[in-house]
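Participant: sequence-free structure coming up:
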């Protein structure tokens, strides 16, 4: 199933029956984010669908407003939001407000961040390479995919996610009775 427009912004997900046991809630499946026609990650990953969708909906309902980040060059803005979310300094608290990617997406080294200015929303995504020696992702030469949407487009995605989630929870509850 796809919620949103994959050539703008969408959440793509589908149950994979063989990844679920008979007693499961049938929530294991493929989860990805689509930005400007690109899929993050661009390979199949196993995620818990309702958890991932809930995360995205919550983040889209609470998009931080920051005019400075909104107006920055896309690579600089992406790296700055990454640094805010995944702090390198242990004396400060992480600022998860900008993080859009659900855990299963970021575990695949794909990251999406969101920021708004007025009624315009900016979503930035990229696949990063991890430098194990320095315990940090590499930003040199990264390709950042960017999309700008209006509040109404974001609201439509949130509405569709919220319509899907109760159906998924009801299906799960019936399956375990």
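Facilitator: Here it is on my side, so go on. Predicted, not measured: the structure shown is a model, and the values here were computed from it.

Participant: So residue 50: helix, strand or coil?
Facilitator: Secondary structure assignment for residue 50 (DSSP: H, G, I helix; E, B strand; the rest coil): helix.

Participant: Measure how buried it is and give me the count.
Facilitator: The burial count assigned to residue 50 is 17, neighbours taken as other C-beta atoms under 10 Å. C-beta: built from backbone N, CA, C; applies to glycine.

Participant: Also residue 66?
Facilitator: Residue 66 has 19 neighbouring residues, counting by other C-beta under 10 Å.

Participant: give me every residue that touches it.
Facilitator: Taking C-beta atoms under 8 Å, 6 or more residues apart in numbering as the definition of contact, the neighbours of residue 66 are 115-117.

Participant: now residue 67
Facilitator: residue 117.

Participant: Repeat that for residue 144.
Facilitator: By C-beta under 8 Å, 6+ apart, the contact list for residue 144 reads 74-75, 78, 124-126.

Participant: Which residue ranges of this structure form helices?
Facilitator: Taking DSSP state H as the test, the helices found in the chain are 49-61, 67-71, 74-85, 103-106, 151-175.

Participant: Grab the nearest non-local neighbour of the residue nearest the centre of the chain.
Facilitator: To find the centre residue of the chain, average its C-alpha atoms and take the closest one (C-alpha atoms, centre = their mean): that gives residue 101, at 2.3 Å. In this structure, residue 101 finds its nearest non-sequential neighbour in residue 112, 4.2 Å apart by C-beta to C-beta, 6 or more residues apart in numbering.

Participant: does the one you found really touch residue 38, like I thought?
Facilitator: No. Residue 112 is beyond contact range of residue 38, at 10.7 Å (criterion: C-beta atoms under 8 Å).

Participant: Which of those two has more residues huddled nearby?
Facilitator: The neighbour count for residue 112 versus residue 38, taken as other C-beta under 10 Å, is higher for residue 112 (25 against 18).

Participant: Need the pLDDT of the more buried one.
Facilitator: Model confidence at residue 112, expressed as pLDDT, equals 98.

Participant: ok, now residue 44?
Facilitator: Each residue has a pLDDT score; the one for residue 44 is 88.

Participant: Contact partners for the residue nearest to the centre of the chain?
Facilitator: Counting by C-beta under 8 Å, 6+ apart, the residues that residue 101 touches are 33, 40, 110-113, 125.

Participant: and what of residue 133?
Facilitator: When contacts are counted by C-beta under 8 Å, 6+ apart, residue 133 touches no other residue.

Participant: Look up how far residue 58 lies from residue 162.
Facilitator: Here the distance between residue 162 and residue 58 works out to 11 Å (C-beta to C-beta, to the nearest Å).

Participant: Look up which residues are beta-bridged to the nearest residue to residue 69 once chain neighbours are set aside.
Facilitator: Among residues not flanking residue 69 along the chain, residue 115 sits closest, at 4.8 Å (C-beta to C-beta, 6+ apart). For residue 115, the beta-bridge partners are residue 122 (DSSP bridges).
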